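Asks: Show me the folded form of this:
(2 chains)
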2 protein chains.
Amino acid sequence: MQTYSYDQLFHFTYHMLVKIGCPKHDAKIASEVLLSADLRGVDSHGVARLSGYVRLWEKGRINPTPNVRVSYETPSTAVVDGDSGLGLVVAPFAMQVAIEKAKNVGTGWVSVKNSNHYGIAGYHAMMALEHDMIGISLTNASPLVAPTFSKERLLGTNPISVAIPAKDQPPFVADMATTTAANGKLEILQRKGLDTPTGWVQDKEGEPTTSANGVKNGGALLPLGGDREHGSHKGYALGSIVDIFSAVLSGANYGPWVPPFVAFLDPLPNLVGEGIGHFFGAMRVDAFRPADEFKSHMDNWITRFRSAETTPGNEKVLIPGDPERELEAIRMKDGIPLLDPVVKDLTELGERFGVKF
Amino acid sequence: MQTYSYDQLFHFTYHMLVKIGCPKHDAKIASEVLLSADLRGVDSHGVARLSGYVRLWEKGRINPTPNVRVSYETPSTAVVDGDSGLGLVVAPFAMQVAIEKAKNVGTGWVSVKNSNHYGIAGYHAMMALEHDMIGISLTNASPLVAPTFSKERLLGTNPISVAIPAKDQPPFVADMATTTAANGKLEILQRKGLDTPTGWVQDKEGEPTTSANGVKNGGALLPLGGDREHGSHKGYALGSIVDIFSAVLSGANYGPWVPPFVAFLDPLPNLVGEGIGHFFGAMRVDAFRPADEFKSHMDNWITRFRSAETTPGNEKVLIPGDPERELEAIRMKDGIPLLDPVVKDLTELGERFGVKF
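Replies: Alright, predicted model coming up:
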């Protein structure tokens, strides 16, 4: 494990992206989105993925100079065509379209096709906050999740992020996979040689397992809830809604057709759409009531929940976004720790492209 | 257990509501909403609740002749003031406002204050389907749910419903509490003297329990996920989003201040808003792509998921809405079974108001 400053990692990411042909402005935004994952502790979605993006570019599956554009719109909606660009660039563009529409008619809703992995959902939702808007960010992803009663992987971990502004309190920021646990948590257990709790994974026969290698060995992640008795049909429904809003609305690939992130797996033949899909929403708070009134009540909501009496052994009730915000402050100050395999991977990547890590 | 036809129960409900002063048009809509719960198997939200609504009216907490109106709006948003009317009437009004806005600008989003319990979430979301729109319906509810790490009940079971039209396939209709299990399921286990699975309930000390009486005895329902290790912070975040969209946006009561449905409990002093809150959305499918194209892809989505290879011991993968639709067809034909205590309650109610059950 070695620790790097935000600026060091930003600098490397930026120059790597310029090296593969991204315009400087795009490389800057993409680096910011990618690094926000490392800062907020979603390590699996940060610089650890940089070489994955580069490999997709080498396969011709990422276009470094895309013509990202609105391909259809109404006053409150749009479809954005990402032109196979980096999701890290396409997503902020689309969220900005949603924000502009919200300025005009109260809310904006944008479904995106022909994109790639967009980093952490929360970054894009949080773009709405400075405008006193509620931000929503959804994306589909490569199929790793089995619906309730299904042996097959048909859905991605399909996250939901909702960011809500407050006044003196920090904002409410939910950012979560619609599975019991995200894939990144499995990887941590694999490295430590530990089992998973029940309800995270099923094996390739469709039987429940606690093996952290269950997914790697042909099994699947389970929807939030874990099994039918614990509400997995709800996690499955949520993941499905994310898939449909992101891809059936826009014309991207959905369900088992979503192209894999890893470059060594080819997309399925006979695709049903273009690239992967995202969905963004922006709602002006003052399209409902005066913004100051709303934000004061959010402060009251947050304060009441945070001060609730706790269950035995727990110190306080957290507000969604609290742990990530606290970690961001620490990592901005003390640096971002990277695991040895990630350091090795990035060093090799830099050597291959003549960018010093 | 006795079985009644839809028409019998509709007739009784309608005449009871007229008896307490509802205009005929309102009584008709409210009966339809209430009975749709019985048809779809959400028995806890159907005629079994009728006497509860009547008791709230007797307490002066439901206004039978409300002036339900839009109190604020932009092209794509509105706030509806329910004027303490029956949620069963206020909610369809508000959903209709969302639909009209979607016709004009692509989508419509309506937050509602000063309402009461609105029946099943799914009824209102499904109103969008005939217009080739996606419908969304959320509501907050009396606090029965403890956030992760909280001993206190701060949230309702706060359901999420999303209805999505298809072409030749029946629509996708998710309708779910954001808890591991809804309160109705606890009541069934209580009657049978059975324990709950893990992850449904905590006791009044905040410790996990499998007692079906856990909530009745001062404990709480748990957010979807059950505990931290199984993702309860995600269920808690979802329930919170429902609460904030329904009540902080509109000016209704939120969190622990949501007035209880049962008439024998008074609302808290120093309320933070008016009544309970709902949130509705309508998105025109053709505000994104041609409706026929969208619906054909939904058929493909549904067919692919329904035909997935199953896990051992399960016959097929269900699409959200499948079980409710199948039960609705059966109950429309064979009648709606009511438990003996419900029959007794409705008989007494009818006798008290001179309406024959």
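Asks: Does the residue of chain A positioned farthest from its centre lie in a helix or a strand, and which?
Replies: Here the centre of chain A is the reference, and by C-alpha atoms, centre = their mean the most remote residue is A:Pro312, at 32.7 Å. A:Pro312 belongs to no helix or strand when assigned by DSSP states H and E.
Asks: Can you tell me the closest non-neighbouring residue to it?
Replies: Here the nearest residue to A:Pro312 in space, its sequence neighbours aside, is B:Gly206; by C-beta to C-beta, 6 or more residues apart in numbering or on different chains that works out to 6.0 Å. (Each C-beta comes from the backbone N, C-alpha and C, glycine too.)
Asks: My assumption is that that neighbour lies in a strand; please confirm.
Replies: No: secondary structure assignment places B:Gly206 outside any strand; it is coil (DSSP: H, G, I helix; E, B strand; the rest coil).
Asks: Would you agree A:Asn300 falls within a helix?
Replies: Yes: with three-state DSSP as the criterion, A:Asn300 is located in a helix.
Asks: Correct me if wrong: it contacts B:Val272.
Replies: Yes: with contact defined as C-beta atoms under 8 Å, A:Asn300 counts as touching B:Val272 (6.5 Å).
Asks: Least confident secondary structure element in chain A?
Replies: Among the secondary structure pieces of chain A, namely its helices and strands, helix A:183-192 has the lowest mean (mean pLDDT, DSSP states H and E), a mean of 87.
Asks: who are the neighbours of that one, in terms of helices and strands?
Replies: Contact analysis of helix A:183-192 by 3 or more C-beta pairs under 8 Å, 6 or more residues apart in numbering or on different chains; DSSP states H and E lists no helix or strand as a packing neighbour.
Asks: how far does that helix sit from the chain's center?
Replies: For helix A:183-192, the separation from the chain centroid amounts to 18 Å (computed by C-alpha atoms, centre = their mean, to the nearest Å).
Asks: quick one: contacts for the residue farthest from the centre of chain A?
Replies: If a contact means C-beta atoms under 8 Å, 6 or more residues apart in numbering or on different chains, then A:Pro312 has B:205-207 as its contacts.
Asks: Kindly indicate the member of those with the most neighbours.
Replies: Within the contacts of A:Pro312, neighbour counts (other C-beta atoms under 10 Å in any protein chain shown) peak at B:Gly206, which reaches 20 neighbours.
Asks: quick one: contacts for that residue?
Replies: Contacts of B:Gly206 by C-beta under 8 Å, 6+ apart are A:309-312, B:146, B:150-151.
Asks: Please list only the buried members of those.
Replies: The neighbour count (16 or more other C-beta atoms under 10 Å in any protein chain shown) marks A:310-311, B:146, B:150-151 as buried among those.
Asks: Redo those residues as CSV? Include distance to B:Val18 and pLDDT.
Replies: Conversion of the buried ones among the contacts of B:Gly206 to CSV gives the following (distance: C-beta to C-beta, whole Å; pLDDT from 0 to 100):
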residue, distance to B:Val18, pLDDT
A:Thr310, 49, 98
A:Thr311, 47, 97
B:Ala146, 40, 98
B:Ser150, 43, 98
B:Lys151, 44, 98
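Asks: can you tell me which two in those are farthest apart?
Replies: Every pair in the buried ones among the contacts of B:Gly206 was compared (C-beta to C-beta); the two farthest apart turn out to be A:Thr310 and B:Ala146, at 9.9 Å.
Asks: Leaving out chain neighbours, which residue sits closest to A:Leu86?
Replies: Spatial nearest neighbour of A:Leu86, excluding adjacent residues (C-beta to C-beta, 6+ apart): A:Ala30 at 5.4 Å.
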